[in-house]
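Trainee: turn this into a model:
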Amino acid sequence: MGDLDRAKELTLQVLEKKQKRMMMKDLLKEIQKIDESVDKKVLKKATSEMIMEKTIAYWSSGSTTYFALPGGKHAEGEE
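Mentor: From the prediction side, this is the model:
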C-alpha cells in the first residue's frame, strides 16, 4: 500500500472515530499517533484527492477550514 493510500485510510479512520470536524493540524496529529510515517505533504495530497472523490468534505467557519465526513450533521460541501 502506498503512502497516499495509507494516508487516505487513516484519514477516514480518524474522522469516523472522532465523529467531528477536524483542522489539518489536528488531523495530522491524530494520524501520526497511529502511523508516525505519514507527513503533512502526503496528508495534504490525500485529503485533496478525497475532497474531489467526495469521500470527505470541507467545512468552513469563515476563518478556518475543517475536514468532515460528508453527510454528517456539520458537513457541507464547498466548491
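Trainee: going by C-alpha atoms from here, please, whenever you check contacts or count neighbours.
Mentor: Noted.
Trainee: what's the end-to-end length of stretch 18-26?
Mentor: Using Cα to Cα, to the nearest Å, the end-to-end distance of stretch 18-26 comes out at 11 Å.
Trainee: pull the residues that contact the strand or helix carrying residue 41.
Mentor: Using DSSP states H and E, residue 41 sits in helix 40-52. With Cα atoms under 8 Å, 6 or more residues apart in numbering as the test, helix 40-52 has contacts from 3-5, 7-8, 11, 28, 56-58.
Trainee: counting contacts, what elements does whatever helix or strand comes next after it pack onto?
Mentor: Sequence-wise, the next helix or strand downstream of helix 40-52 (DSSP H and E) is strand 57-60. Applying 3 or more Cα pairs under 8 Å, 6 or more residues apart in numbering; DSSP states H and E, we find strand 57-60 packed against helix 40-52, strand 65-68.
Trainee: residue 16 is nearest to which of these?
Mentor: Among the helices and strands packed on strand 57-60, the nearest to residue 16 by Cα to Cα is strand 65-68 (9.1 Å).
Trainee: just put the helices and strands packed on strand 57-60 in CSV and tack on distance to residue 21, mean pLDDT and mean neighbour count.
Mentor: Conversion of these to CSV gives the following (distance: least, Cα to Cα, whole Å; pLDDT from 0 to 100; neighbours: other Cα atoms under 10 Å):
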stretch, distance to residue 21, mean pLDDT, mean neighbour count
helix 40-52, 13, 96, 16
strand 65-68, 5, 94, 21
